[in-house]
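Asks: missing the sequence, but the structure's below:
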């Protein structure tokens with residue numbers, strides 16, 4: 001599985017690490033992903049998702065069903 005948030009689609013970003021002498025080397029900025037077990041009340045079961053920390057905060061506000069509908073994810077298959 002790719003390092004990608006299942007609800008928001010966040011993934012790694014290419015960037016430069018800039019030293020004091022301004023020498024630039026490439027680096028990869030990974031998304032802060034966590035495995036999270038979320039209660040899905042409509043399906044009456046737990047769903048295990050790989051989410052970014054930003055998505056976890058948004059999930060508490062919007063709810064799992066609304067975010068899954070926006071991301072076009074079928075929770076029955078997870």
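Replies: Arrived safely, thanks for sending. Keep in mind the model is a prediction, meaning the values are calculated, not measured. Numbers count the residues shown, from 1 in each chain.
Asks: hang on, residue 8 packs against residue 54?
Replies: Yes: using CB atoms under 8 Å, residue 8 makes contact with residue 54 at a distance of 6.9 Å. From N, CA and C alone the C-beta is placed, and that goes for glycine too.
Asks: when the two are compared, which one has more neighbours?
Replies: Using other CB atoms under 10 Å as the criterion, residue 8 and residue 54 rank with residue 8 on top: 17 against 14.
Asks: residue contacts, residue 18?
Replies: Counting by CB atoms under 8 Å, 6 or more residues apart in numbering, residue 18 touches residue 24.
Asks: how about the longest helix seen in the chain: buried residues?
Replies: Counting by DSSP state H, the longest helix found in the chain is helix 53-62. Neighbour-count burial for helix 53-62 flags 55-56, 58-59 (criterion: 16 or more other CB atoms under 10 Å).
Asks: and what of stretch 6-16?
Replies: Result for stretch 6-16 [16+ other CB under 10 Å]: buried residues 6-8, 10.
Asks: turn those residues into JSON lines, columns for secondary structure.
Replies: Converted to JSON lines, the buried residues of stretch 6-16 look like this (DSSP: H, G, I helix; E, B strand; the rest coil):
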{"residue": "6", "secondary structure": "coil"}
{"residue": "7", "secondary structure": "coil"}
{"residue": "8", "secondary structure": "coil"}
{"residue": "10", "secondary structure": "coil"}
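Asks: from what I can see residue 75 touches residue 68, true?
Replies: Yes: at 5.3 Å, residue 75 counts as touching residue 68 under the criterion of CB under 8 Å.
Asks: low-confidence ranges in this structure?
Replies: Scanning the chain for pLDDT under 70 picks out the ranges 1.
Asks: ok, which stretches of it are strands?
Replies: Using DSSP state E, the strands found in the chain span residues 13-18, 24-29, 33-40, 45-52.
Asks: closest to residue 64 out of the ones you listed?
Replies: Closest to residue 64 of those is strand 33-40 (CB to CB; 5.4 Å).
Asks: just the closest of the buried residues of stretch 6-16 to residue 49, please.
Replies: Residue 49 has its nearest neighbour among the buried residues of stretch 6-16 in residue 6, at 5.0 Å by CB to CB.
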